[in-house]
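J.: structure of the sequence below:
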Amino acid sequence: MDIKDAMTSGYGAKGGVNDYNFTVDWKSRRIYLDGLDSGDVVLIYTSSGLSVDGGTTVSDLLSPVIESYLLWRETYWLKDLVRERADRGREYNNEVLKARNFINSLSFNQLRDILLGTATQAARR
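T.: Residues are numbered from 1 along each chain as shown. As a prediction, the model looks like this:
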């Protein structure tokens, strides 16, 4: 089945190497895929962190960010820690940047597709 107005996202969208397309039909609650050789597909569910009882979960990756933020804000409440405010603020910013870099980093397959997408093959004369 050829998909009209196909979209690409994630792994299949990088580098112009892969031909994986999908279209989401929200009314009929279906996902149409194009460009796959197999009939087997694995869909990965990514949770928002919310549960049915209203509780939330935080990734272990973000624990240092939260801890450094609380230590930085503590310097505003306790007058004895005013001298440490700048250092703790820098530490908080460093933790935020570390987490952001890790979350936004590309996987091996995405990097590979980007590199392959920038090169072309031609006959050598």
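J.: quick one: Glu84 from Trp72, how far?
T.: 9 Å (Cβ to Cβ, to the nearest Å). Backbone N, C-alpha and C define where each C-beta goes, glycine included.
J.: neighbour-wise, which of those two wins?
T.: Between Glu84 and Trp72, counted using other Cβ atoms under 10 Å, Trp72 has the larger neighbour count: 21 against 15.
J.: surely the more buried one meets Tyr92?
T.: Yes: contact criterion Cβ atoms under 8 Å: Trp72 and Tyr92 qualify, at 4.5 Å.
J.: could you say what helices and strands the longest helix anywhere in the chain packs with?
T.: In the chain, ranked by residue count with DSSP state H as the criterion, the top helix is helix 85-104. If you count contacts as 3 or more Cβ pairs under 8 Å, 6 or more residues apart in numbering; DSSP states H and E, helix 85-104 packs onto helix 63-77.
J.: what angle separates the helix it packs on from helix 85-104?
T.: Here the directions of helix 63-77 and helix 85-104 differ by 160 degrees (axes from the mean of the first three to the mean of the last three Cα atoms, to 10 degrees).
J.: now helix 63-77, how far from the chain's geometric center?
T.: How far helix 63-77 lies from its chain's middle: 25 Å, per Cα atoms, centre = their mean, to the nearest Å.
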